[in-house]
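*Asks:* no sequence for this one, just the structure:
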């Protein structure tokens, strides 16, 4: 029973929710990936990988302050969500990889974009099970 001096206690989540954590992170990243996409096109490096627990971005051409901000937002969301798992549930590995369609460049005078980009988030729980989500964008705006 909930009383004024005993606040509502949030129900802990089961491991099955880890896949929805991955989906939310992939969507969050996709909504703000324009600068990553521009760097991919500019450096001719179609793939970037981010270790969301260590906040390590590779290749090094992508590891700049502007990109660390988005990666950090994804990390904080993951940590907040993972903190809701019922013990002993935990996320022990979290990798986001983005493959940008840099060979399909288009410009219309006002904006530029690249082709199909696929973002994959793989979260591994404390039992070794991997929870993977792919998020595809048919066109990705690139920001210079």
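*Replies:* Cool, got the structure. These numbers come from a predicted model, not from an experiment.
*Asks:* what sits up against the longest helix seen in the chain?
*Replies:* Selection of the longest helix in the chain by residue count, based on DSSP state H, yields helix 65-82. With contacts defined as Cβ atoms under 8 Å, 6 or more residues apart in numbering, helix 65-82 is touched by 17-18, 21, 24-25, 28-29, 32-33, 35-36, 39, 50, 52-53, 55, 57, 90-91, 94, 96, 123. Where C-beta positions appear, they are placed from N, C-alpha and C, glycine not excepted.
*Asks:* buried residues in that helix?
*Replies:* 67, 70-71, 74-75, 77-78, 81-82 (16 or more other Cβ atoms under 10 Å).
*Asks:* equivalent analysis for stretch 134-143, please.
*Replies:* Quick answer for stretch 134-143 (16+ other Cβ under 10 Å): 135, 137, 140, 142.
*Asks:* from the residues you listed, which ones fall inside strands?
*Replies:* By the criterion of DSSP state E, membership of the buried residues of stretch 134-143 in strands covers 135, 137, 140, 142.
*Asks:* just to revisit the earlier point, closest one to residue 45 out of the buried residues of stretch 134-143, please.
*Replies:* residue 142 (13.2 Å; Cβ to Cβ).
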